[in-house]
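Chemist: have a look at this fold, sequence not included:
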């Protein structure tokens, strides 16, 4: 029983050969803080230039004037950076309320174009190593598990590991109904396909029907269950 796949994320993350940058760690706040630093540096330069120009009107500025102008310029630049960074924190919090909310709107989904690009270029092993590293680091993340499971399942590369990852998705606390149904459906495909465990496929189909009785997936599961049970001799599939 193969159901249409849900919309899965696509973007960039870590891989064994990929070092996380400051931008990776800070996310949306990084750009705002960088702008605050740029404004601070600009204020420092402008202030220092203005003070030195003023001091030069009375002749060549001495060391004391130079140091004093530098101190004042750095203080003003630092204040500008501090205020800008505080604004960035506030703006970042607002941004996160939209991209990573606590419950009332659509949550942000990680994307994995870095890994998918590796796989597209033929380095599926490298992509899977990267996914496994992310999975180890984020035990409750379902998206990398779904991605990795599909790569393991494709061409029967490692159907057992694919099934393990789909089961992990299904059992993750707070997993969405969409991902639960998708994982269960793909488990049916694997059990009734390369893993040659039709009995477990029956169990998975019954689980879909029991957990989501009024869904379209349950309707399809009932049809698939009837077809699969008919293949068992002497009613063993009951």
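Modeler: Nice, I can see it. Source: prediction; values computed, not measured.

Chemist: residue ranges in the protein under the pLDDT threshold?
Modeler: By pLDDT under 70, the low-scoring segments of the chain are 1-34, 36, 51-52, 55-56, 58-62, 81-110, 233-238.

Chemist: mind redoing it with 80?
Modeler: Residue ranges of the chain with pLDDT under 80: 1-40, 43, 45, 47-70, 72-73, 76-78, 80-111, 232-238.

Chemist: element containing residue 219?
Modeler: helix 216-229 (DSSP states H and E).

Chemist: now do the helices in the chain.
Modeler: Using DSSP state H, the helices found in the chain span residues 22-26, 28-56, 63-99, 113-120, 124-137, 143-153, 159-170, 177-191, 198-211, 216-229.

Chemist: as TSV, these with mean neighbour count would be great.
Modeler: (Each C-beta comes from the backbone N, C-alpha and C, glycine too.) Converted to TSV, the helices of the chain look like this (neighbours: other CB atoms under 10 Å):
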stretch	mean neighbour count
helix 22-26	12
helix 28-56	16
helix 63-99	15
helix 113-120	18
helix 124-137	18
helix 143-153	23
helix 159-170	20
helix 177-191	22
helix 198-211	19
helix 216-229	17
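
Chemist: rewinding a little: just checking, what packs against the helix holding residue 219?
Modeler: For helix 216-229, the contact count by 3 or more CB pairs under 8 Å, 6 or more residues apart in numbering; DSSP states H and E identifies helix 177-191, helix 198-211 as packing neighbours.

Chemist: what's the angle from it to helix 177-191?
Modeler: 10 degrees (axes from the mean of the first three to the mean of the last three CA atoms, to 10 degrees).

Chemist: residue contacts, residue 179?
Modeler: Under the criterion of CB atoms under 8 Å, 6 or more residues apart in numbering, the contact list for residue 179 reads 6, 142, 146, 169-170.

Chemist: go with 10 Å
Modeler: Residue 179 is in contact with 6, 8, 142-143, 145-146, 166, 169-170, 172, counting by CB atoms under 10 Å, 6 or more residues apart in numbering.

Chemist: before we move on, what about residue 156?
Modeler: Contacts of residue 156 (CB under 10 Å, 6+ apart): 162, 190, 193-195.

Chemist: could you redo the last one with a cut-off of 8 Å?
Modeler: residue 194.

Chemist: quick one: it from residue 54, how far?
Modeler: Counting by CB to CB, to the nearest Å, the separation of residue 156 from residue 54 is 77 Å.

Chemist: repeat for residue 148
Modeler: 63 Å.

Chemist: still on that earlier bit, the helices and strands packed on helix 216-229: which one's closest to residue 38?
Modeler: Closest of these to residue 38 is helix 177-191, at 41.0 Å (criterion: CB to CB).
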